[in-house]
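[1] Here you go, sequence then predicted model.
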Amino acid sequence: MDWKTFQALLSGVNKYSTAFGRIWLSVVFVFRVMVYVVAAERVWGDEQKDFDCNTKQPGCPNVCYDHFFPISHIRLWALQLIFVTCPSLLVVMHVKYREERERKYQQKHGADAKLYDNTGKKHGGLWWTYLLSLFVKAGIEVAFLYILHRIYDSFHLPRLVKCEIKPCPNVVDCYIGRPMEKKVFTYFMVGASAICIVLSVCEIIYLISKRITSCAKKMKSLDTFWKNKNSQKVSEKSWKFGLQSFPLIFR
């Protein structure tokens, strides 16, 4: 995987993100991508080679390894990072779509004509796209944590596992290479995922509360406008009535 290209694709996301979104992206790159590239790949690089069983039965170590490690941690995390960052690219694509519409609109109506006040501002369809991307990111994080928890029994990596799957002749003891080191990295990556989920939830709450506050202000200003307009109509009617009744006083 070319992580430099991956980082370049996501670098534009910061332009359209909130403060929570920028923190989320920093956590993804510093505590997940960098740790994955620098350390995690090396820790799991020889996992099958270091999986030793006390038998020479052909095929037994391979079958036992496939049973206890149906999905490699490192490949699962790679998929998780790809899937969890794809929704952010949808926001960038939506902004590019807006910019293209703006360009065509200016070609048709002149350079001073504007279809959007700001193509990167989160309002209208872009707000919904951004909010949907947050829900999708949080859902993907939870789904991958559940898969990891389901497969590896609460992220636990024991030193010794017992295997009795054919073609093993009997109950065979198998030893996992560097289990403590792998356990530390597993908990670290799980913790980073949990932080990303919390940041996504906070950003969802922030966006919704900000939209509710904005709508409440608009409703309040609209209500004030109509009250002022109605009071102005009442005062105009009173003034007209006074003009009409003024000659009657001196009859």
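    Nice, thanks for sending it over. Residues are numbered from 1 along each chain as shown.
[2] now the strands for this structure?
    52-53, 160-163, 172-175 (DSSP state E).
[3] quick one, which of the ones you listed is nearest to residue 82?
    Proximity to residue 82 (C-beta to C-beta) singles out strand 160-163 among the strands of the chain, at 29.6 Å. C-beta coordinates here come from the backbone N, C-alpha and C atoms, glycine included.
[4] buried ones in the closest one?
    Buried positions in strand 160-163, judged by neighbour count with 16 or more other C-beta atoms under 10 Å: 161, 163.
[5] and if you look at stretch 189-198?
    189, 192, 193, 195, 196, 197.
[6] repeat for stretch 69-84
    Of the residues in stretch 69-84, 69, 73, 74, 76, 77, 78, 80, 81, 84 count as buried by neighbour count, 16+ other C-beta under 10 Å.
[7] Go through the buried residues of stretch 189-198 and name the one with the lowest pLDDT.
    On pLDDT alone, residue 189 ranks lowest of the buried residues of stretch 189-198, at 88.
[8] Chain neighbours aside, what residue packs nearest to it?
    Ranked by C-beta to C-beta, 6 or more residues apart in numbering and with sequence neighbours excluded, the top spatial neighbour of residue 189 is residue 77, at 6.0 Å.
[9] ok now do that neighbour, which residues does it touch?
    With contact taken as C-beta atoms under 8 Å, 6 or more residues apart in numbering, residue 77 is in contact with 32, 36, 40, 189.
[10] Ok, residue 36 next?
    Under the contact definition (C-beta under 8 Å, 6+ apart), the residues listed for residue 36 are 74, 77, 78, 81, 189.
[11] picking that back up, identify the farthest-apart pair in the buried residues of stretch 189-198.
    Across the buried residues of stretch 189-198, no pair lies farther apart than 189 and 197, at 12.9 Å, counting by C-beta to C-beta.
[12] looking at the strands of the chain, which is closest to residue 218?
    Closest to residue 218 of the strands of the chain, according to C-beta to C-beta: strand 160-163, at 61.7 Å.
[13] Please save the CA atoms from that closest one in PDB.
    Listed in PDB are the C-alpha atoms of strand 160-163, where the atom choice follows Å, rounded to 0.1, in the frame of the first residue of the first chain:
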ATOM      1  CA  LEU A 160       0.000 -21.300  24.400                       C
ATOM      2  CA  VAL A 161      -2.900 -22.600  22.400                       C
ATOM      3  CA  LYS A 162      -4.100 -26.200  22.200                       C
ATOM      4  CA  CYS A 163      -5.100 -27.600  18.800                       C
END
